[in-house]
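Chemist: Structure of the sequence below:
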Amino acid sequence: MIGNLLVSPDPAARGRTGTLVLLASALWTVPLWLVLDPPMADYPQQLALAAILRWYGDPSRGFQQLYEIVWTRPHSLFKLLTAGLAWIVPIHTAGKLVVAASLAAVGPASLALCRRAGRPGWYALAALALTYNYAFFWGFVDNLIAYPLVLAGLALAERRFEQPWKTSSWIQLAALTLAFYEVHLQFLLIFAGGVGWLALTRRPGWRRLAVWLSALLPGLALGVGVLAYASLRAPTGVITAYELRMRTAPTVMRGPVEKLVQIPNLLFGHSDGKEMALMALLVVLGVVVAASFASTAAPGPRPGWWFRTRFATLAAWLWLLYWILPELHGGFLIARRIVPMAALVTVIALPPPAPSRRRLALGLAAALVLVQLGLTTAGFLHFRREAAGARELLAATAPGESLAGLIFDRRSEYWPRYPVFLHFPAYYQVDKGGRLLFSFAELYQTPVRYRPGESREYTLVAWDEWSPRRFSYPRHGGQFRYFLAHGSRTEIERAFGPALRERGIRSAGNWSLIGR
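Modeler: Numbering: from 1, shown residues only. Model (predicted):
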């Protein structure tokens with residue numbers, strides 16, 4: 001078979017590489033366990049949705065009066081996994097376990113694809129270094145789950161195309177494609193396109209190609225149907241007024257220079273030059289490998305050019321999508337989500353280095369991992385000090401009440417590009433239940449929605465989580481028992497005026513809780 005020409009024949013070396021990748025993957029999650037709450041902007045809201053699923057029937061939390069469960073909504077896997085684990089461990093631990101598993105799974109998933117591509121397994125180390133990226137710090141947990149699922153799915157498709165096609169092959173590929181409905185619909189399209197491309201490059205007959213690709217149809221039909229229903233028609237009662245306002249926001253396009261400049265930050269998450277140092281290491285690794293390219297083809301007939309370059313051309317397709325898609329459309333980031341996925345495939349598509357450069361290339365990959373892990377760990381420890389106090393204040397609140405956030409300072413000093421404190425008020429709902437000013441239940445792609453009339457939509461028109469300075473105590477103060485503020489005392493006094501003394505205020509770290 002063609003694919004067998006590209007697989008390393010040394011079982012001992014493969015075993016050592018596998019052990020190295022698994023150890024690195026486990027160590028890669030250490031920063032998550034050094035902090036009480038990870039520096040992920042949307043993560044508290046995602047955890048709050050999981051809490052609603054977990055304690056939906058708890059009368060002290062009041063979820064059943066506010067929300068309905070909609071099990072058929074997409075993008076629900078993180079919430080379902082976390083809610084299920086929360087029956088066994090505390091929900092904060094459950095959420096971090098799911099995130100940690102998503103990060104660590106990139107290692108073995110990359111390793112599996114490297115082996116199918118005939119690349120050194122230690123290329124998976126460079127892939128690991130790309131996981132603490134912009135999507136992580138934005139808290140796009142669905143994206144984090146999607147990365148290893150796409151890589152493992154491509155490896156599975158490669159293996160099934162190489163072997164005699166069976167009914168079980170069709171079922172496995174169809175089930176995996178359907179799973180992306182619960183992960184992320186954009187990555188459903190990316191995965192289906194990737195599998196289709198890998199199939200085409202093998203140049204099978206039309207009949208065989210049709211059989212292979214038919215396994216993608218159930219997942220695509222479900223995903224496209226949901227997009228058509230929720231995004232195109234947007235019927236009343238399906239899309240909330242809040243999301244409709246988001247979708248009317250202007251589409252944002254970026255020029256090629258702007259897109260090029262932001263790639264280091266999108267891949268490594270850091271700023272202030274740290275991301276450029278990491279990018280330089282990655283580029284040098286690519287140059288060393290490409291300049292010392294060593295062919296692994298066995299003697300005999302060589303496979304066609306399209307097949308030999310199938311991963312490189314797949315990476316090129318993904319990068320092309322990044323350059324042509326809008327930055328922001330319908331209130332959601334589009335093009336940026338593709339960059340880490342494109343980079344992961346690019347790393348795996350790098351040619352094997354010549355034996356004389358193998359140690360240098362491995363050293364560069366190890367340096368990339370160690371530097372990224374060191375910088376990320378330092379940032380998490382810095383964030384732990386900045387975030388201290390919030391959970392202490394929330395622990396003193398009563399359950400089942402209403403709370404709003406006034407997050408005047410949304411960003412961390414270490415990660416100034418990300419609003420990592422924006423949704424910290426959602427931790428009240430995680431621990432105590434009740435109502436928030438803003439909940440992700442306003443969005444379609446969640447398994448939880450407000451009951452009719454329960455959304456504070458009329459308040460969100462005048463003041464939302466992104467605009468704390470539009471808060472007016474005479475107009476909005478009576479709707480909430482508690483306010484969690486992050487910012488200077490001057491900002492808080494300006495927001496509440498004389499009512500601050502009546503309400504009462506407690507402070508811890510950079511946080512303040514105003515309550516009745």
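Chemist: From now on I want contacts and neighbour counts done on CA atoms only, so please keep to that.
Modeler: Will do.
Chemist: Quick one: low-confidence residue ranges for this protein.
Modeler: 1-13, 230-239, 292-303, 516 (pLDDT under 70).
Chemist: That one: strands as residue ranges?
Modeler: Assigned by DSSP state E, the chain shows strands spanning 67-69, 328-329, 332-333, 402-407, 435-436, 448-450, 482-486, 505-508, 511-515.
Chemist: Okay, now the sheet partners of the longest one, with direction.
Modeler: It refers to strand 402-407. strand 435-436 (parallel), strand 482-486 (parallel) (DSSP bridges).
Chemist: Now tabulate the strands of the chain in a markdown table and tack on mean neighbour count and distance to residue 304.
Modeler: Compiled in a markdown table, the strands of the chain are given as follows (neighbours: other C-alpha atoms under 10 Å; distance: least, C-alpha to C-alpha, whole Å):
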| stretch | mean neighbour count | distance to residue 304 |
| --- | --- | --- |
| strand 67-69 | 18 | 51 |
| strand 328-329 | 18 | 39 |
| strand 332-333 | 14 | 37 |
| strand 402-407 | 24 | 57 |
| strand 435-436 | 24 | 58 |
| strand 448-450 | 24 | 50 |
| strand 482-486 | 25 | 59 |
| strand 505-508 | 14 | 65 |
| strand 511-515 | 22 | 62 |
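Chemist: Now tabulate those strands in CSV and tack on distance to residue 146.
Modeler: CSV is the format used below for these (distance: least, C-alpha to C-alpha, whole Å):
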stretch, distance to residue 146
strand 67-69, 23
strand 328-329, 20
strand 332-333, 16
strand 402-407, 30
strand 435-436, 29
strand 448-450, 21
strand 482-486, 32
strand 505-508, 37
strand 511-515, 34
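Chemist: and the residue nearest to residue 402 when sequence neighbours are not counted, what is it in contact with?
Modeler: Using C-alpha to C-alpha, 6 or more residues apart in numbering and skipping residues adjacent in sequence, the residue nearest residue 402 is residue 435, 4.5 Å away. Contacts of residue 435 were listed using C-alpha atoms under 8 Å, 6 or more residues apart in numbering, and they are 66, 400, 401, 402, 403, 429.
Chemist: do residue 333 as well
Modeler: residue 327.
Chemist: How much space separates residue 190 from residue 353?
Modeler: Look at residue 190 and residue 353: by C-alpha to C-alpha, to the nearest Å, they are 29 Å apart.
Chemist: Those two - which one has more neighbours?
Modeler: residue 353 (25 against 17; other C-alpha atoms under 10 Å).
Chemist: beta partners of that one?
Modeler: Residues in beta-bridge contact with residue 353 (DSSP bridges): residue 293.
Chemist: what's around residue 172, how many residues?
Modeler: Residue 172: 16 neighbours (other C-alpha under 10 Å).
Chemist: what's the longest helix in this structure?
Modeler: Longest helix of the chain, by residue count under DSSP state H: helix 358-387.
Chemist: And it, how far out from the chain middle?
Modeler: Helix 358-387 has its C-alpha centroid displaced from the chain centroid by 19 Å (C-alpha atoms, centre = their mean, to the nearest Å).
Chemist: for stretch 386-397, same thing?
Modeler: That offset, for stretch 386-397, works out to 26 Å (C-alpha atoms, centre = their mean).
Chemist: just stretch 106-114 next, same as before
Modeler: On C-alpha atoms, centre = their mean, the centre of stretch 106-114 falls 18 Å from the chain's centre.
Chemist: Sort out which one of the contacts of residue 435 lies nearest residue 108 for me.
Modeler: Taking C-alpha to C-alpha as the measure, residue 108 sits nearest to residue 429 out of those, at 35.0 Å.
Chemist: The closest one is in contact with residue 48, isn't it?
Modeler: Yes. The criterion here is C-alpha atoms under 8 Å, and residue 429 meets it with residue 48 at 5.8 Å.
Chemist: Look up how far residue 441 lies from the residue nearest to residue 402.
Modeler: 11 Å.
Chemist: Give me the angle between the longest helix of the chain and strand 482-486.
Modeler: Counting by axes from the mean of the first three to the mean of the last three C-alpha atoms, to 10 degrees, helix 358-387 points 130 degrees away from the direction of strand 482-486.
Chemist: Neighbours of residue 359, how many?
Modeler: 12.
Chemist: ok, it - contacts?
Modeler: Counting by C-alpha under 8 Å, 6+ apart, residue 359 has no contacts.
Chemist: mind listing what's buried in stretch 264-283?
Modeler: 264-270, 274-276, 278-279, 281-282 (16 or more other C-alpha atoms under 10 Å).
Chemist: ok, now stretch 393-413?
Modeler: So, applying 16+ other C-alpha under 10 Å, buried residues of stretch 393-413: 393-394, 397-412.
Chemist: and what of stretch 490-502?
Modeler: In stretch 490-502, counting by 16+ other C-alpha under 10 Å, buried: 491, 492, 495, 496, 500.
Chemist: What's the end-to-end length of that stretch?
Modeler: First-to-last residue span, stretch 490-502, C-alpha to C-alpha: 17 Å.
Chemist: do stretch 451-460 as well
Modeler: First residue to last in stretch 451-460 (C-alpha to C-alpha) measures 17 Å.
Chemist: so how far is that stretch off the chain centroid?
Modeler: 28 Å.
Chemist: Any buried residues in that stretch, and which?
Modeler: Buried residues in stretch 451-460 (16+ other C-alpha under 10 Å): 455, 456, 457.
Chemist: Relative to residue 244, which of those is nearest.
Modeler: residue 457 (11.4 Å).
Chemist: I'd say the closest one and residue 241 touch.
Modeler: Yes. Using C-alpha under 8 Å, residue 457 is in contact with residue 241, at 7.1 Å.
Chemist: The residue lying closest to residue 256 once chain neighbours are set aside: what's it in contact with?
Modeler: Spatial nearest neighbour of residue 256, excluding adjacent residues (C-alpha to C-alpha, 6+ apart): residue 323 at 6.7 Å. The contact partners of residue 323, by C-alpha under 8 Å, 6+ apart, come to 256, 259, 335.
Chemist: any idea how far residue 310 is from residue 323?
Modeler: 20 Å.
Chemist: Filter the contacts of residue 323 down to just the ones in helices.
Modeler: Reading helices off those with DSSP H, I get 256, 259.
Chemist: Would you write out the PyMOL command that picks the buried residues out of the contacts of residue 323?
Modeler: PyMOL command restricting the contacts of residue 323 to the buried ones, with burial defined by 16+ other C-alpha under 10 Å:
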select buried, resi 259+335
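Chemist: From the contacts of residue 323, pick the one nearest residue 201.
Modeler: Once C-alpha to C-alpha is applied, the member of these that ends up nearest residue 201 is residue 335, at 25.5 Å.
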